[in-house]
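A.B. asks: Please find the sequence and the predicted model below.
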Amino acid sequence: MRGLDYKWIEALDAVLQQGSFERAAENLYISQSAISQRIKQLERFIAQPVLIREQPPRPTLVGKKLLGLYRRVCLLENELVPELMNEENTRPVSIAIATNADSLATWLLPALSNTMKTRQVELNLTVFGESRTIEKIKNGEVAGAISLESQAIPGCHADYLGRMDYVCVASPEFYQRYFSQGVNFHTLKKAPAVSYDQYDDLHKKYLHDHFNVPRDAVINHTVGSSEAFVKLALSGAAYCLIPRLQIARELEMGTLIEITPGFILTNRIYWHHWQLETGILQEISQAIVQYARHVLPQ
């Protein structure tokens, strides 16, 4: 049986990256009809469409899987071929990682710092909610993902990293304004809070589990930045759930205070990565796991 021709998937990848058949052809230095023909050959080979032909084009589910395979092959080839040919790899290895905002704001960059300084690598760190990053590695869009999911997907490992412990904090001024009568069902309904995005259910869980307060009964700002959570809390504009690791100094100085001492919400996070890792991919995984286990509560 004839196997996949990676030129077919290269054409698919180019169309999606460039946003059109015309620009894909220019990028690959071939004709637009050649791009179209390669994608048609791929679709005939697998007997189903790989591309939703709209503007801009989008991959089908099987198209996403093929792109994941193709990008893995390209990444491994980029590392392996120069070694086999005894050549210096002059082009940086491009590696995409899906992370949650809180990990990026606290421990992830220090974990990757040495690799970024010493290796020819180009990192693409994309930020999603902890529950959504796993989809990115399933689709092959990234080489690794930080996720709440403990179960590894086929072809991957899931390494436990540690706990992200969240505490609910506010400025002393905010606390006096909204919670001078205590933190309870009635005072929480009047106090503005913050969530990361529409998928972020951490605050909803906090309100429901501890105070039986529906999320739609409170003022809830949406701000897609972990660092902005800290600034909002410090400014007295809202109270927030923030990783203790991120605000240890503010808690020690008293510029932020825990409004519900002893109440902690914990996320256990995992590093999902491919099983067949070599070279810099393996180095990145080791750096992430070792550093996280050093700084995160276990």
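C.D. replies: Great, that's in hand.

A.B. asks: Can you dump the C-alpha atoms of stretch 223-236 in PDB for me?
C.D. replies: Below are the C-alpha coordinates for stretch 223-236, written out as PDB (Å, rounded to 0.1, in the frame of the first residue of the first chain):
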ATOM      1  CA  VAL A 223     -10.100  40.000  32.000                       C
ATOM      2  CA  GLY A 224      -7.900  37.700  29.900                       C
ATOM      3  CA  SER A 225      -4.600  38.400  31.800                       C
ATOM      4  CA  SER A 226      -3.300  36.800  34.900                       C
ATOM      5  CA  GLU A 227      -1.100  39.800  35.700                       C
ATOM      6  CA  ALA A 228      -4.200  42.100  35.400                       C
ATOM      7  CA  PHE A 229      -5.900  40.100  38.100                       C
ATOM      8  CA  VAL A 230      -3.200  41.200  40.500                       C
ATOM      9  CA  LYS A 231      -3.400  44.800  39.400                       C
ATOM     10  CA  LEU A 232      -7.200  44.900  39.800                       C
ATOM     11  CA  ALA A 233      -7.000  43.400  43.200                       C
ATOM     12  CA  LEU A 234      -4.300  45.900  44.300                       C
ATOM     13  CA  SER A 235      -6.300  48.800  42.900                       C
ATOM     14  CA  GLY A 236      -9.300  48.000  45.000                       C
END
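
A.B. asks: Give the buried residues for it.
C.D. replies: Within stretch 223-236, the residues scored as buried using 16 or more other CB atoms under 10 Å are 223, 226, 228, 229, 230, 232, 233, 234, 236. Heads up, the C-betas are built off the backbone N, CA and C, glycines and all.

A.B. asks: and the fifth one, what does it touch?
C.D. replies: By CB atoms under 8 Å, 6 or more residues apart in numbering, the contact set of residue 230 is 240, 242, 246, 247, 250, 256.

A.B. asks: Pipe the residues you listed into JSON lines and attach distance to residue 45, neighbour count and secondary structure per row.
C.D. replies: As requested, the contacts of residue 230 are arranged in JSON lines below (distance: CB to CB, whole Å; neighbours: other CB atoms under 10 Å; DSSP: H, G, I helix; E, B strand; the rest coil):
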{"residue": "240", "distance to residue 45": "51", "neighbour count": "28", "secondary structure": "strand"}
{"residue": "242", "distance to residue 45": "50", "neighbour count": "24", "secondary structure": "strand"}
{"residue": "246", "distance to residue 45": "49", "neighbour count": "19", "secondary structure": "helix"}
{"residue": "247", "distance to residue 45": "54", "neighbour count": "22", "secondary structure": "coil"}
{"residue": "250", "distance to residue 45": "57", "neighbour count": "17", "secondary structure": "helix"}
{"residue": "256", "distance to residue 45": "58", "neighbour count": "24", "secondary structure": "coil"}
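
A.B. asks: farthest pair in those residues?
C.D. replies: Pairwise distances across those peak at 11.3 Å for 240 and 250 (criterion: CB to CB).

A.B. asks: what sits in contact with each of those two?
C.D. replies: 169, 230.

A.B. asks: which outside residues touch the helix or strand where residue 11 lies?
C.D. replies: If you go by DSSP states H and E, residue 11 is part of helix 6-18. Residues outside helix 6-18 that contact it (CB under 8 Å, 6+ apart) are 21, 24-28, 34-35, 38-39, 41-42, 45, 50-51, 56-59, 63, 66-67, 69-71, 73.

A.B. asks: I'd like to know the average pLDDT value across it.
C.D. replies: For helix 6-18, mean pLDDT is 90.

A.B. asks: Ok, stretch 100-119 next?
C.D. replies: Per-residue scores along stretch 100-119 average to 95.

A.B. asks: Pull the residues that contact it.
C.D. replies: 93, 99, 121, 123, 125, 127-130, 133, 146, 164, 196, 224-227, 243, 245-246, 269, 280, 283-284, 287-288, 290-292, 295-296.

A.B. asks: for stretch 22-35, same thing?
C.D. replies: 10, 11, 14, 15, 17, 18, 21.

A.B. asks: Flag every buried residue along it.
C.D. replies: 24, 25, 28, 30, 34, 35.

A.B. asks: Which members of these are the farthest-apart pair?
C.D. replies: Longest span within the buried residues of stretch 22-35, CB to CB: 24 and 34, 10.0 Å.

A.B. asks: quick revisit: from the contacts of helix 6-18, list the buried ones, please.
C.D. replies: Neighbour-count burial (16+ other CB under 10 Å) applied to the contacts of helix 6-18 gives 21, 24-25, 28, 34-35, 38-39, 42, 50-51, 57, 59, 63, 66-67, 70-71.
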